[in-house]
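Enquirer: heads up, no residue letters with this:
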């Protein structure tokens with residue numbers, strides 16, 4: 001969704017209904033109608049649901065996602081926190097190349113997996129992808 005769609009996230013899910021258990025947990029983690037990516041993931045893990053399901057509920061509640069775990073959006077005053085001058089190790093480069101699709105795209109979950117396997121920050125993986133000209137797609141929460 002774009003900045004123009006702010007406050008209209010529920011439109012993406014006209015066939016869905018608010019789940020009281022999930023929505024209560026999300027509301028408890030939100031502040032000023034905003035919720036961090038990490039908080040939505042934590043709610044999903046605690047409730048034993050997929051992050052996407054928690055993301056849908058956040059949309060239905062019109063909660064704005066902030067502080068993307070990959071550093072792609074939701075940071076103030078700049079929009080993202082990617083490192084333009086990151087040095088990409090050979091190990092990271094190979095992992096990204098193996099996970100990327102032919103269309104020069106890589107999934108959010110693949111980036112998370114690479115970070116976990118290499119024991120590095122998720123933002124480092126995203127920064128490397130950006131530097132390599134790869135677009136990150138399929139947000140686990142449904143933001144992009």
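Expert: Perfect, I can see it now. The structure displayed is predicted, hence computed values, not measured ones.

Enquirer: what is residue 105 paired to in the beta sheet?
Expert: residue 135 (DSSP bridges).

Enquirer: residue 19 - how many residues pack around it?
Expert: Here the number of neighbours of residue 19 (other C-beta atoms under 10 Å) works out to 17. Where C-beta positions appear, they are placed from N, C-alpha and C, glycine not excepted.

Enquirer: go on, the one 5 residues further on?
Expert: Residues near residue 24, counting by other C-beta under 10 Å, number 13.

Enquirer: who does whichever strand or helix holds it touch, helix- and strand-wise?
Expert: Assignment of secondary structure by DSSP states H and E places residue 24 within helix 20-29. Taking 3 or more C-beta pairs under 8 Å, 6 or more residues apart in numbering; DSSP states H and E as contact, the helices and strands that helix 20-29 lies on are strand 34-36, helix 37-47, helix 51-60.

Enquirer: which among these is found nearest to residue 84?
Expert: helix 37-47 (21.3 Å; C-beta to C-beta).

Enquirer: so how far is the closest one from its chain's centroid?
Expert: 12 Å (C-alpha atoms, centre = their mean, to the nearest Å).

Enquirer: what's that helix in contact with?
Expert: The contact list for helix 37-47 (C-beta atoms under 8 Å, 6 or more residues apart in numbering) reads 21-22, 25-26, 29-30, 50-51, 53-55, 58, 65-69, 74, 140-141, 143.

Enquirer: could you check the angle that helix makes with helix 51-60?
Expert: 120 degrees (axes from the mean of the first three to the mean of the last three C-alpha atoms, to 10 degrees).

Enquirer: buried residues, helix 37-47. List them.
Expert: By 16 or more other C-beta atoms under 10 Å, the buried positions in helix 37-47 come out as 37, 39, 40, 41, 43, 44, 47.
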